[in-house]
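[1] What shape does this take:
(one chain, ligands or ions: 1)
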Amino acid sequence: MLRMGLTGGIGAGKSTVAKELVELGAVLVDADVIAREIVAPGSEGLAELVDAFGDGILLPDGSLNRPTLAEKAFANDDARAVLNAITHPRVGRRTAELVEAAADDAILVQDIPLLVEGSMAPAFHLVAVVHAGEQERLRRLVDLRGMPESDAKARIRAQATGEQRREVADVWLDNTGEPEAVVEVVRRLWEERLVPFEQNLRTRTVVHAEPVLVAAQSQWDQQAQRLVARLALACGGHAVRIDHVGSTAVPGLVAVDMLDLQVTVADLAAADALVEPLAAAGFPRIEQIDHDTPKPSYGAGGETDPAVWSMRLHGSADPGRPARVALRVDGWPGQQFSLVLRDWLRDDAEAVHEYAEVKRAAVRSAADETDPLRAASSYRDVKEPWFDRAYHRAWDWAGSTGWSI
Ligand code: ADP
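    The predicted structure follows:
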């Protein structure tokens, strides 16, 4: 099951997007609907609210008078805590029930207005944010939904900012134009990303990046940080630390559009315990072939035992975001080297320039081969001599700058 979080400021068009996704075949779990359901007339939730806040919170027909409850519950922190203690666990339980009831191959969309405010993004395989400017949202709320302007303004002000939402958005759905425009984008998202992502997740298939070098992209680090947050949640206590490493972590360096993440674990048993949680989170394990592990010759500093270069490799199931996740043991040379290499390159513009040239030469050499395995091996043959020297240069730099992890 693929779980996508859908959010956006009030009036941005979440319901419009959700409706289209349902038409395409998604299973929708709507947080607003659940929040109403758990305090519907006759519910246990409503009975507990009456016990806590008195029957003054009821309308004559026995349903909840929301403005009166809000007045009482938002009067002070204690009252708000009482309200949350009654409602939050019920919303959580009902959400879990609905998620569990969905089919294994479902594409589940959770419409959650306060996804950003509640720091829920890492729990989803993908987060889509629907965006429209504040003035436009205000106009829609007042003109189309009949909300008093002061209410609409207050609600917009109480929510997260566009900037905060951008940080968690794997998919940014611009809904400033005509509704038909966003609907078209949603259809493409469904076909090109959500359907294949769900299938890859279920079949544990990783995606590959096109083997071409592209100019450094300013959004790489933010994308990587979103993956770090997902990995952290999936790994729990098994991860000692998680870092964005490799070429995409060095500003200005040309790279294949494939993010490298390193999960540091205490030992290989911890890495092996993460096969299932990582696959479920969208990072299936890749069976390693010999060249996935760096050659011990990098370890001319004494770490020549090939075993200490062992690692476990995972990929990404998301067709929209290829990534490679290496699980390496804390303190082993491969784990340390990926960090020191990144930090040395971040600090040495000349080395970045050299490395970019070596990569370009490697790509040219691979382009002469038609067989993909020979192309990959040709690429490595050109890069490796530079890397062998880089190992020592990076550590020399670490020694001279007092670098430490
Ligand atoms: P949300 O669920 O994010 O609060 P809605 O989907 O209910 O927002 O949209 C708010 C209002 O704006 C609705 O009346 C909706 O029909 C309208 N709306 C949505 N998208 C557009 C658009 N692109 N242009 C104009 N009005 C829109």
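
[2] Name the nearest residue to whichever residue of the stretch 151-300 of the chain sits closest to the ligand, ignoring sequence neighbours.
    Per C-beta to the nearest ligand atom, residue 179 is where the stretch 151-300 of the chain lies closest to the ligand, at 4.1 Å. Heads up, the C-betas are built off the backbone N, CA and C, glycines and all. Spatial nearest neighbour of residue 179, chain neighbours left out: residue 16 (5.9 Å); criterion: C-beta to C-beta, 6 or more residues apart in numbering.

[3] Number of residues surrounding the residue of the stretch 151-300 of the chain closest to the ligand?
    Using other C-beta atoms under 10 Å, residue 179 is surrounded by 12 other residues.

[4] got it, and residue 231?
    Residue 231: 25 neighbours (other C-beta under 10 Å).

[5] how near is it to residue 372?
    28 Å (C-beta to C-beta, to the nearest Å).

[6] pretty sure residue 109 is in a strand, no?
    Yes. Remark: residue 109 belongs to a strand, assigned using DSSP: H, G, I helix; E, B strand; the rest coil.

[7] Make sure the residue of the stretch 151-300 of the chain closest to the ligand is actually in contact with residue 19.
    No. Using C-beta atoms under 8 Å, residue 179 is not in contact with residue 19; the gap is 10.1 Å.

[8] Quickly find the element holding residue 28.
    strand 27-30 (DSSP states H and E).

[9] any idea which element the residue of the stretch 301-405 of the chain found nearest the ligand lies in?
    Per C-beta to the nearest ligand atom, residue 320 is where the stretch 301-405 of the chain lies closest to the ligand, at 22.5 Å. Using DSSP H and E, residue 320 is not contained in any helix or strand.

[10] what's the closest non-adjacent residue to it?
    Here the residue nearest residue 320, using C-beta to C-beta, 6+ apart, is residue 193, at 4.6 Å.

[11] Repeat that for residue 171.
    residue 128 (4.0 Å).

[12] what are the pairing partners of the helix or strand hosting the one you found, and which direction each?
    Using DSSP H and E, residue 128 maps to strand 126-131. Applying DSSP bridges to the sheet, strand 126-131 is found paired with strand 2-8 (parallel), strand 171-174 (parallel).

[13] Just the element for the spatially closest residue to residue 394 that is not a sequence neighbour, please.
    Using C-beta to C-beta, 6+ apart and skipping the chain neighbours, the partner closest in space to residue 394 is residue 344 (4.1 Å). Following DSSP H and E, one finds residue 344 within helix 333-347.

[14] so for that helix, what's the average pLDDT?
    Helix 333-347 comes out with an average pLDDT of 95.

[15] Up against the ligand, what does the protein have?
    For the chain, the contact set with the ligand under C-beta under 6 Å from any ligand atom comprises 8, 10-16, 130, 140, 144-145, 175, 178-179, 182.

[16] Strands - which of those land there?
    Those of those mapping onto strands are 8, 130, per DSSP state E.

[17] distance of the nearest residue to residue 367 once chain neighbours are set aside from residue 190?
    Using C-beta to C-beta, 6+ apart and skipping the chain neighbours, the partner closest in space to residue 367 is residue 375 (7.5 Å). Using C-beta to C-beta, residue 375 is found at 33 Å from residue 190.

[18] Over to residue 10?
    Remark: distance between residue 10 and residue 190 (C-beta to C-beta) = 24 Å.

[19] Likewise for residue 48?
    Distance of residue 48 to residue 190, given as C-beta to C-beta: 40 Å.

[20] Three-state assignment for the residue of the chain positioned farthest from its centre, please.
    The C-alpha centroid of the chain is most remote from residue 60, which lies 46.0 Å away (C-alpha atoms, centre = their mean). Secondary structure state of residue 60, per three-state DSSP, is coil.

[21] Domain parsing of this structure, as residue ranges.
    According to automatic domain parsing, the chain comprises the domains 2-203, 213-401.

[22] can you tell me which of those domains the model trusts least?
    Taking the mean pLDDT of the domains of the chain, domain 213-401 comes last: a mean of 91.

[23] could you list every residue that touches residue 61?
    Listed by C-beta atoms under 8 Å, 6 or more residues apart in numbering, the contact set of residue 61 reads residue 41.

[24] Grab the longest helix from the protein for me.
    Secondary structure assigned by DSSP state H gives helix 372-401 as the longest helix of the chain.

[25] Now do that one against helix 333-347, angle only.
    70 degrees (axes from the mean of the first three to the mean of the last three C-alpha atoms, to 10 degrees).

[26] what's helix 372-401 packed up against?
    helix 333-347, helix 349-367 (3 or more C-beta pairs under 8 Å, 6 or more residues apart in numbering; DSSP states H and E).

[27] Buried residues in that helix, which are they?
    Neighbour counts over helix 372-401 (16 or more other C-beta atoms under 10 Å) mark 375, 378-379, 382-384, 386-387, 390-391, 394-395, 397-398 as buried.

[28] again with stretch 360-376
    For stretch 360-376, by 16+ other C-beta under 10 Å, it's 362, 363, 365, 366, 375.
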